[in-house]
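S.K.: Next one to model:
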Amino acid sequence: MTATTANSARDAQNAQPRDASENIFPDARSEPRRVNNDPRTGKQQVKRDRRDVHGWVVLDKPIGMTSTQAVAVVKRLFNAKRAGHAGTLDPLASGGLPIALGEATKTVPFVMDGRKRYRFTVCWGEERDTDDTEGRVVRTSDSRPMAEAISALLPSFTGLIEQIPPQYSAIKVQGERAYDLARDGEKVELAPRPVEIHHLSLVEQIDSSHSVFEAECGKGTYVRALARDIGRILGCFGHISALRRTVVGPFTERDMIPLEQLEALCNRAASGEGSLADALLPVETALDDIPALAVTRADAARLHRGQAVLLRGRDAPNSSGTVYVTVAGRLLALAELGNGELIPKRVFNLTGLVASSGRNDERV
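M.R.: Numbering: from 1, shown residues only. Next up, the predicted model:
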């Protein structure tokens, strides 16, 4: 629900919608280009200047691609100045990898702190040093668990639990990544960490050696460690053989776009058919759980300069905490509200390519 400050309703009525021309470079034909001479051949090279692109692309990451590679591909397709992801997804995993472009990078922490949902398959009978199919087998067992035994164990892995991260993880140990140390043959003792598992269920027993699970968990949870620990307690050992992330914070499978589809859309935009904006979700999509607060243009100007605003009048909110601020329906800032004062923390400058207005409607 969106609150408004005093007089904001009148301002909104008088406000004219921004012209579409403010979304500069709406397709690839409009991109600024530079012509340089190749120092080796002397021939002219045409290079596209990086441009301002703001929004989210929720890539349905294919198996075999690292998260860093995925960000580089999306950044290149949009020719964007800035890009980053909201939570690493293992190369052997598929599914949702939210990639923030431009000003959306300021909202990455809100996505990373959100819940994640995974669907994964555990292969019983082998424990591997990476806890997935890439690793070396370190323990084996001829025992195979019954579905009833698996289901009976799952409540002990639900709620707030202590989890030892995998040896092959990005956790730093004395300045070095654990996976780098593991690749060098060093045995690293990683301390248990508290993680929260909101939901864990057995959804399918494919055969005696393969079980399919669904898990909803908080930040910092390693699904590979779940497979390892469940296998150890059952005495049959296990590792992840398939993993897919279906939910990340506010983003679900309906928001995901496969790489092939994204590339095709970019190619159509380059030939003048459609716009890259159709592949973007608005920056504020990451702020779904945060209250919105509309302000007048006068207050917006002060907030944009980094100045606090006193909210007065009968329409002034009496709540407190973090809000995202809008003016005339456009995202302006993240701010702290308290004691009738609005203090800007992050101000957004959305000049450039932004999401099509219809993308929000598609998610409803």
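S.K.: how about the closest residue to residue 248 other than its chain neighbours, what does it touch?
M.R.: Nearest residue to residue 248, sequence neighbours excluded (C-beta to C-beta, 6 or more residues apart in numbering): residue 96, at 4.8 Å. For glycine as for every other residue, the C-beta is placed from the backbone atoms N, C-alpha and C. Applying C-beta atoms under 8 Å, 6 or more residues apart in numbering to residue 96 gives the contacts 58-61, 89, 245-248, 251-253, 255-256.
S.K.: Try it again at 6 Å.
M.R.: Contact analysis of residue 96 by C-beta atoms under 6 Å, 6 or more residues apart in numbering lists 58, 245, 248, 251, 256.
S.K.: Please tell me how far it sits from residue 119.
M.R.: 11 Å (C-beta to C-beta, to the nearest Å).
S.K.: which secondary structure elements does the helix or strand encompassing residue 71 contact?
M.R.: For residue 71, the host element (DSSP states H and E) is helix 67-78. Applying 3 or more C-beta pairs under 6 Å, 6 or more residues apart in numbering; DSSP states H and E, one finds that helix 67-78 makes contact with strand 55-61, strand 83-85, strand 94-101.
S.K.: Now mean pLDDT and distance to residue 333 too, for the ones you listed, in TSV please.
M.R.: Output for the helices and strands packed on helix 67-78, formatted as TSV (pLDDT from 0 to 100; distance: least, C-beta to C-beta, whole Å):
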stretch	mean pLDDT	distance to residue 333
strand 55-61	97	17
strand 83-85	95	20
strand 94-101	97	17
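S.K.: Stretch 197-215: end-to-end distance?
M.R.: Stretch 197-215 has its terminal residues 7 Å apart, counting by C-alpha to C-alpha, to the nearest Å.
S.K.: Let's test this: name the helix or strand in this protein with the lowest mean pLDDT.
M.R.: Least confident helix or strand, the chain: helix 8-14 with a mean of 34, by mean pLDDT, DSSP states H and E.
S.K.: Any stretches of the stretch 251-364 of the chain with poor pLDDT?
M.R.: Across the stretch 251-364 of the chain, the ranges flagged by pLDDT under 70 are 314-315, 357-364.
S.K.: got the residue ranges for the helices in it?
M.R.: Remark: helices assigned in the stretch 251-364 of the chain by DSSP state H, counting those that start in this stretch are 259-270, 297-304, 358-363.
S.K.: just to revisit the earlier point, looking at strand pairing, list the partners for the residue nearest to residue 248.
M.R.: Residue 96 has these beta-bridge partners by DSSP bridges: residue 60.
S.K.: Kindly provide the distance from it to residue 115.
M.R.: Going from residue 96 to residue 115 by C-beta to C-beta gives 12 Å.
S.K.: got it, and residue 85?
M.R.: 17 Å.
S.K.: Repeat that for residue 194.
M.R.: 16 Å.
S.K.: Equivalent analysis for residue 271, please.
M.R.: According to C-beta to C-beta, residue 271 stands 40 Å off from residue 115.
S.K.: more neighbours, those two?
M.R.: Taking neighbours as other C-beta atoms under 10 Å, residue 271 and residue 115 compare with residue 115 leading, 16 against 10.
S.K.: Now do the same contact list for the nearest residue to that one once chain neighbours are set aside.
M.R.: In this structure, residue 115 finds its nearest non-sequential neighbour in residue 216, 5.7 Å apart by C-beta to C-beta, 6+ apart. With contact set as C-beta under 6 Å, 6+ apart, residue 216 has these partners: 115, 117, 198-199.
S.K.: try residue 310
M.R.: residue 341.
S.K.: hey, what's it bridged with?
M.R.: Here residue 310, judged by DSSP bridges, has bridge partners residue 341.
S.K.: Run through the strands of the stretch 101-250 of the chain in chain order.
M.R.: 116-124, 126-128, 137-140, 159-163, 172-173, 176-177, 193-207, 210-217, 238-248 (DSSP state E, counting those that start in this stretch).
S.K.: what's next to the last one, contact-wise?
M.R.: Pointing back at strand 238-248 there. Contacts of strand 238-248 (C-beta under 6 Å, 6+ apart): 89, 93-96, 98, 116-124, 128, 131-133, 224, 227, 231, 253.
S.K.: Show me which of those are buried.
M.R.: 89, 93-96, 98, 116-124, 128, 131-132, 224, 227, 231 (16 or more other C-beta atoms under 10 Å).
S.K.: What number of residues are in the vicinity of residue 356?
M.R.: Counted by other C-beta under 10 Å, the residues lying close to residue 356 total 20.
S.K.: hmm, back to that, so for residue 147, which of the strands of the stretch 101-250 of the chain sits nearest?
M.R.: Minimum separation from residue 147 across the strands of the stretch 101-250 of the chain (C-beta to C-beta) falls at strand 193-207, 4.6 Å.
S.K.: so what strands line up beside that closest one?
M.R.: Determined by DSSP bridges, the sheet partners of strand 193-207 are strand 159-163 (antiparallel), strand 210-217 (antiparallel).
S.K.: possible to save these as JSON lines with mean pLDDT and distance to residue 296?
M.R.: Shown next, in JSON lines, are those (pLDDT from 0 to 100; distance: least, C-beta to C-beta, whole Å):
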{"stretch": "strand 159-163", "mean pLDDT": "97", "distance to residue 296": "44"}
{"stretch": "strand 210-217", "mean pLDDT": "98", "distance to residue 296": "41"}
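S.K.: Could you tell me the model confidence score at the spatially closest residue to residue 283 that is not a sequence neighbour?
M.R.: Closest residue in space to residue 283, ignoring its immediate chain neighbours: residue 104 at 4.5 Å, by C-beta to C-beta, 6+ apart. The model reports residue 104 with a pLDDT of 96.
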